[in-house]
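J.: got a predicted model here, sequence first, then my questions.
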Amino acid sequence: MAKPNPKGPTRTVDIFCAKCKSQLFKYRKGGKGALVKCFKERIADDLTTTPCVCPQCETTFARETLIRGAPAYKMIGGKVTMK
């Protein structure tokens, strides 16, 4: 399988914790579907201190994994929102 494009899309979205509404990432997202995974190379601005854990409420919102050979975060359903 092909690796995702490292430059990625130009449209950025803000990713927030669904529980406390604090911002987690600025992410270069492609397409218009739901946020299922975040490739680490497409994260423009990472505001978390510990990977996959909200810095404010300490909720785990994702799991680290490899998708098509690239490191990514697999989002847990309902834990994050995006604008």
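T.: Looks like it came in fine.

J.: tell me the contacts of the residue most central in space within the chain?
T.: A centroid search over the chain (C-alpha atoms, centre = their mean) returns residue 38, at 3.8 Å, as the residue closest to the centre. Residue 38 sits next to 15, 25, 27, 62, 72, 73, 75 when contact means C-beta atoms under 8 Å, 6 or more residues apart in numbering. No exception for glycine: its C-beta is placed from N, CA and C like everyone else's.

J.: again with residue 46
T.: If you count contacts by C-beta under 8 Å, 6+ apart, then residue 46 has 24, 25 around it.

J.: can you do 10 Å?
T.: Contacts for residue 46 were tallied using C-beta atoms under 10 Å, 6 or more residues apart in numbering; they are 15, 24, 25, 26, 27, 38, 40.

J.: also residue 14?
T.: Contacts of residue 14 by C-beta under 10 Å, 6+ apart are 23, 24, 25, 26, 27, 45, 47, 81, 82, 83.

J.: which SS state does the closest residue to residue 9 other than its chain neighbours fall under?
T.: The shortest distance from residue 9 to any non-neighbouring residue, by C-beta to C-beta, 6 or more residues apart in numbering, is to residue 30 (4.0 Å). Of the three states, residue 30 takes coil according to DSSP: H, G, I helix; E, B strand; the rest coil.

J.: likewise for residue 16?
T.: Going by three-state DSSP: residue 16 is strand.

J.: run a quick neighbour tally on it.
T.: 18 (other C-beta atoms under 10 Å).

J.: any idea how far it lies from residue 24?
T.: According to C-beta to C-beta, to the nearest Å, residue 16 and residue 24 sit 6 Å apart.

J.: quickly list what's touching both of these two.
T.: With C-beta under 10 Å, 6+ apart, residue 16 and residue 24 have common neighbours 54, 61, 80, 81, 82.

J.: tell me the bridge partners for the third one.
T.: Each beta-bridge partner of residue 80 is listed here: residue 17, as defined by DSSP bridges.

J.: now do the contacts for it.
T.: Neighbours of residue 80 in contact, by C-beta under 10 Å, 6+ apart: 15-19, 24-25, 35, 38, 54, 59, 61-62, 73.

J.: ok, now the last one?
T.: For residue 82, the residues meeting the contact criterion (C-beta under 10 Å, 6+ apart) are 13, 14, 15, 16, 24, 25, 27, 29, 34, 35, 75.
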